[in-house]
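Student: I would like the atomic coordinates for the input below:
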Amino acid sequence: MTINEIIDQRLGAPVAPSLGRLQPLGLREVTLREGFWQRRQDVNRTNSLAHIESWLERAGWLGNFTGAPQHRRGREFSDSEIYKLLEAMAWELGRSPDAGLEERYRSIVARVAAAQDADGYLNTNFGRPGQQPRYSDLEWGHELYCYGHLIQAAVARARTFGADQLVDVAIRAADHLCDAFGPGGIASVCGHAEIEPALVELYRVTGNTRYLDQARLFVERRGHQVLSDIEFGRSYFQDDMPVREATVLRGHAVRAVYLAAGAVDLAVETGDTDLLDAVTRQWQNTVARRVYITGGIGSRHQDEAFGEDFVLPPDRAYSETCAGVGSVMLAWRLLLAQGDARYADLMERTLFNVIATSPSDDGTRFFYANTLHQRETGTEPAPDALVPRAASTLRAPWFSVSCCPTNLARTFASLAGYIATKDDDGVQIHQYAAASIRTGDIGLDVETDYPVSGQVAIRVVHSPAAPWTLTLRIPHWATGATVDGAQVSPGLVHLRRDFTAGDTVLLDLAVTPRLTTADPRIDAVRGCAVVERGPVVYCAESVDLPDGVPVDALRLDPGVPLHDHDGGVAASCQVTLLDDDSWPYHDPAPELRTGAVDVTLRPYHDWASRGPSTMRVWLPLADQP
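Tutor: Residues are numbered from 1 along each chain as shown. A predicted model of the protein is given here:
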């Protein structure tokens, strides 16, 4: 079978396993329509791609591919940002061809191809005159990480267009990589996982088992102390114990979820149930102990890493945007493999409260880290400012480490590929968005303004003559949900019918405000609560408070019902003011000055959209000491 024949069977899906419980529907089968996610996807296409491309030129990172080695600019991994932009462009061209975008894409690919060595090696930071030798710094050099994003970009192009120059470049690089790190070669791994899922996807595109075998080598080698120890410990690289033995995700959060995603890909393609069970166990334990209410991961700033169990301080949340992208990647793979609704639940939470939070409304500024408690008013960076990755307290136009803008770009561009799946019995809808679904003999139109309301209408456009099953995910929080007026429980609802054109299924997820409290072992938020509405987390912002009332003075009154108000959620709060000049430890407790105020809480993903502010997600409860 040729590459293009294999491509024709994949229909533009970001992940395309040959085995598993569910089969993904790709960009040729699902189209987003006017709504929450389509608006963000359009802003990504019209604004973010050009913004990113402009910064890559301005920062000199694109110029590294054709410039002299001694004039190279950017961090050791800056090549990967060009590849993620190319991936985003490829997905966008796949869903809606455009001559101007195609020309920009091909121009960048030509510059990348010009830098590739005759043996397939490709990296602008190593191996050229005046630079370190190839593969001389596997801990920090990111050479294989960059290959991973190059390959992912080529996979996107292959699945939406077919073989082209970028696909050729990636295959040559992968062949070189297998020569260098295969049996008898360098018996090590990259300090930053990413090559693992990329190689499996390239195997899925080409059918070349050599790439699958190399992915297996990388997954099995990791955890055997093949990398040098560092101040953060080998767990930073996930090189402290084998993947099969680990019980929880640990170390650098992005590295951890990328590695786990690759391990799932490998397990699915090889039928390795033990490996799949190991990653499932890690995911379960991580979600139970190390994930923020937003779905964000990573509570340690110094190493961008997971903290210990239940160490989830809101004001120290790192919750890197890229880690959110990686979490969605991992959960989607587990969902395809096993079909469990809890994976889609976490995806939804992360999409609405991490992925949607990072970019500005116009798609030209971004959060790198996503705190849950901003204590001081931030300073908005200038439009031409390049800022340190986590130093911006407001969304910034670009970072010295700009992995997050490009990761968002490729995610938004391919988002339609995460909405629905199919199996031999029918179609499954996992994420609710206005969309058209066309696969085989089944055609569905999904109409909804979710998450503004929980009403979702699924209209059958065409249907096979035989009965088939429409499966709907009922989120874990939707305890009052109904389907066609009948109450249903959280989980999966299977509707097997003789559907005909014009039939409509009405899902109501009963989106209303609710209070959520934390496991008492999360010490940092004991005695606090979060307001949620559907999948969206809400927060208090200083711009919504009376003058002189700081967000840290609010104590939420749980006895007053929450209700929708002015695009937000209205809550009643006591205001507790303390003396700022005295010793902060007391016995007995100090006398408090209190009052009351009605507060309109706003979606967390919108915070800081109206200018500098302070903010908090977890609010102390007025009935707690």
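
Student: residues in contact with the residue nearest the centre of the chain?
Tutor: The residue lying closest to the centre of the chain (C-alpha atoms, centre = their mean) is Val325, at 1.7 Å. Val325 sits next to Ile355, Asn407, Leu408, Thr411 when contact means C-beta atoms under 8 Å, 6 or more residues apart in numbering. All C-beta atoms are positioned from the backbone trio N, CA, C, and that covers glycine.

Student: nearest to Thr393 among these?
Tutor: Leu408 (19.0 Å; C-beta to C-beta).

Student: give the contact list for that closest one.
Tutor: Contacts of Leu408 by C-beta under 8 Å, 6+ apart are Asn44, Ser48, Thr321, Val325, Ile355, Ser358, Pro359, Phe366.

Student: just the buried members of these?
Tutor: Asn44, Ser48, Thr321, Val325, Ile355, Ser358, Pro359, Phe366 (16 or more other C-beta atoms under 10 Å).

Student: export only the CA atoms of stretch 195-213, formatted as PDB.
Tutor: Provided in PDB are the C-alpha atoms of stretch 195-213 (Å, rounded to 0.1, in the frame of the first residue of the first chain):
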ATOM      1  CA  ILE A 195       9.700  11.700  19.400                       C
ATOM      2  CA  GLU A 196       7.800   8.700  20.700                       C
ATOM      3  CA  PRO A 197       4.200   9.600  19.600                       C
ATOM      4  CA  ALA A 198       5.600  11.100  16.400                       C
ATOM      5  CA  LEU A 199       7.300   7.900  15.300                       C
ATOM      6  CA  VAL A 200       4.200   5.900  15.900                       C
ATOM      7  CA  GLU A 201       2.200   8.300  13.900                       C
ATOM      8  CA  LEU A 202       4.700   8.200  11.100                       C
ATOM      9  CA  TYR A 203       4.500   4.400  11.100                       C
ATOM     10  CA  ARG A 204       0.700   4.800  10.800                       C
ATOM     11  CA  VAL A 205       1.200   7.100   7.800                       C
ATOM     12  CA  THR A 206       3.800   5.100   6.000                       C
ATOM     13  CA  GLY A 207       3.300   1.500   7.200                       C
ATOM     14  CA  ASN A 208       7.100   1.300   7.800                       C
ATOM     15  CA  THR A 209       7.500  -0.800  11.000                       C
ATOM     16  CA  ARG A 210      11.000   0.500  11.500                       C
ATOM     17  CA  TYR A 211       9.500   3.700  13.000                       C
ATOM     18  CA  LEU A 212       7.300   1.700  15.400                       C
ATOM     19  CA  ASP A 213      10.300  -0.400  16.400                       C
END
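
Student: now stretch 328-336: average pLDDT?
Tutor: Averaged across stretch 328-336, the pLDDT comes to 98.

Student: Val155 and Phe161, how far apart?
Tutor: 11 Å (C-beta to C-beta, to the nearest Å).

Student: mind checking which of those two has more residues around it?
Tutor: Ranked by neighbour count (other C-beta atoms under 10 Å), Val155 and Phe161 place Val155 first, with 29 against 19.

Student: okay, helices next: where are they in the protein?
Tutor: For the chain, helices defined by DSSP state H occupy the ranges 3-8, 36-43, 49-58, 79-95, 99-114, 143-160, 165-181, 195-206, 209-221, 253-270, 273-289, 321-338, 341-350, 403-413.

Student: I'd like the ones you listed as TSV, with distance to His71 appended.
Tutor: As requested, these are exported to TSV (distance: least, C-beta to C-beta, whole Å):
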stretch	distance to His71
helix 3-8	37
helix 36-43	34
helix 49-58	14
helix 79-95	15
helix 99-114	15
helix 143-160	19
helix 165-181	23
helix 195-206	28
helix 209-221	33
helix 253-270	29
helix 273-289	43
helix 321-338	28
helix 341-350	39
helix 403-413	22
